[in-house]
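return atomic coordinates for the entry below.
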Amino acid sequence: MNTQPKSIPIIVIYILTSIILPYPIAMGLMLLSKNGLIPSLPENVIALYINMFIYFFLPLFSIIYYHKKIATDIQGMGQLLAMVIPLILMVYGASIIGGIFIQQIDHSSTTTNQTYLNHLKDTNFYFTTYMAVIAAPITEESVFRCAMIKNRKGFVGICMILISSALFALAHTVEFALGAFLAYFFIALVLGGLYMNRQNLILNILVHAGYNTLALILSYFTG
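Numbers count the residues shown, from 1 in each chain. This is a model prediction of the structure:
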C-alpha cells in the first residue's frame, strides 16, 4: 500500500517557509516597528520569533503530511531499533571525514551549524535543543530524504541521493564554502543511503536526531 503522498507540495512549503518568506517578513516587521505600528522589537528578537515559527510549523506540517507513512514506519521499527546507535556512529564517522575537508579546504575548525549552536547555546538552551533534536531531524528527513528520494532504487535512486545531498549541504552553508559543503554532503550521503535501503522515515529521523544530540553535547561541553 502506498502511504506516501506527492513530494512537490512539501518541498514547495519548505522552500517558501525557510528560504523565501523569512526575509520579507522580517523587513516588514522591522518597518512596522520603526513606524510605531507595533511595539518596538530589536532585530535579533524578530529573527528569533521568525525562527520559532519556522521550526514549529515545518515539523508539524511534515508530521501531518506524512502521517500515514509515519504510522506504517513506526510499526516496522521493532526490528530496526538495534541499528540506531551503530548508524548514529556511522553518521558521526561521515562528519569526521567532512571535518577533515573543512580544515584542509576552508582552514576552519567549525561548520555553519556548529557556529550557530555555539551562538544559540548562550541565548536559549531549550529552543536550541528543540531545533537540533526534534525540529531539524523531522523536517529535513521529511524533505531531503522522504520527499526527494521516495521509493526510488538503482541508478535513479543514487542520482536522487546525490541531488538531495547536494541540496542538503547547500541549505547548511550560508556563505558557500567548499569544505563545509563537503562535510554536510558526506553526512547526507549516509542518511540518503539509509533511506533508500530501508525506506523508513522514523529510522532516519532517529538517526539524524541522535547525531544532532551528539553534536549538541560536544558543542556545549567542549571548546
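
quick one: list the elements packing against the lengthiest helix in the chain.
In the chain, with assignment by DSSP state H, the single longest helix is helix 43-65. In terms of contacts (3 or more Cβ pairs under 8 Å, 6 or more residues apart in numbering; DSSP states H and E), helix 43-65 is packed against helix 8-15, helix 22-34, helix 125-130, helix 136-140. Where C-beta positions appear, they are placed from N, C-alpha and C, glycine not excepted.

return the most buried member of those.
Neighbour counts (mean count of other Cβ atoms under 10 Å) averaged over each of those peak at helix 136-140, with a mean of 24.

looking at the chain, which helix or strand is least sure?
helix 112-120 (a mean of 52; mean pLDDT, DSSP states H and E).

may I see the buried residues of the helix or strand following the longest helix of the chain?
Using DSSP states H and E, the helix or strand that follows helix 43-65 in sequence is helix 67-75. Judged by neighbour count (16 or more other Cβ atoms under 10 Å), helix 67-75 contains these buried residues: Lys69, Ile70, Thr72, Asp73.

and the average pLDDT for stretch 79-91 is what?
Summarised as a single mean, pLDDT over stretch 79-91 is 95.

and that stretch, how far from the chain's centre?
Mean C-alpha position of stretch 79-91 versus that of the full chain (Cα atoms, centre = their mean, to the nearest Å) differs by 18 Å.

and if you look at stretch 151-169?
Averaging C-alpha positions (Cα atoms, centre = their mean) puts stretch 151-169 16 Å from its chain's average.

now do stretch 18-25
Stretch 18-25 sits 17 Å away from the centroid of its parent chain (Cα atoms, centre = their mean).

check contacts around Lys150.
Gln4, Ser7, Met160 (Cβ atoms under 8 Å, 6 or more residues apart in numbering).

how much space between Ile70 and Ile64?
The gap separating Ile70 from Ile64 is 10 Å, by Cβ to Cβ, to the nearest Å.

and the end-to-end length of stretch 129-136?
Length of stretch 129-136, first residue to last, Cα to Cα, to the nearest Å: 10 Å.

and that stretch, what's its mean pLDDT?
92.

got a list of contacts for that stretch?
51, 55-56, 58-59, 117, 120, 208-209, 212-213, 215-216.

can you put those residues in a markdown table and add distance to Val143 and neighbour count?
Formatted as a markdown table, the contacts of stretch 129-136 follow (distance: Cβ to Cβ, whole Å; neighbours: other Cβ atoms under 10 Å):
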| residue | distance to Val143 | neighbour count |
| --- | --- | --- |
| Asn51 | 17 | 16 |
| Tyr55 | 13 | 21 |
| Phe56 | 16 | 14 |
| Leu58 | 8 | 22 |
| Pro59 | 11 | 21 |
| Leu117 | 21 | 21 |
| Leu120 | 22 | 19 |
| His208 | 12 | 27 |
| Ala209 | 15 | 20 |
| Asn212 | 16 | 24 |
| Thr213 | 20 | 15 |
| Ala215 | 20 | 19 |
| Leu216 | 21 | 21 |
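
from those residues, which is closest to Ser95?
Of all the contacts of stretch 129-136, Ala215 has the smallest distance to Ser95: 7.6 Å, by Cβ to Cβ.
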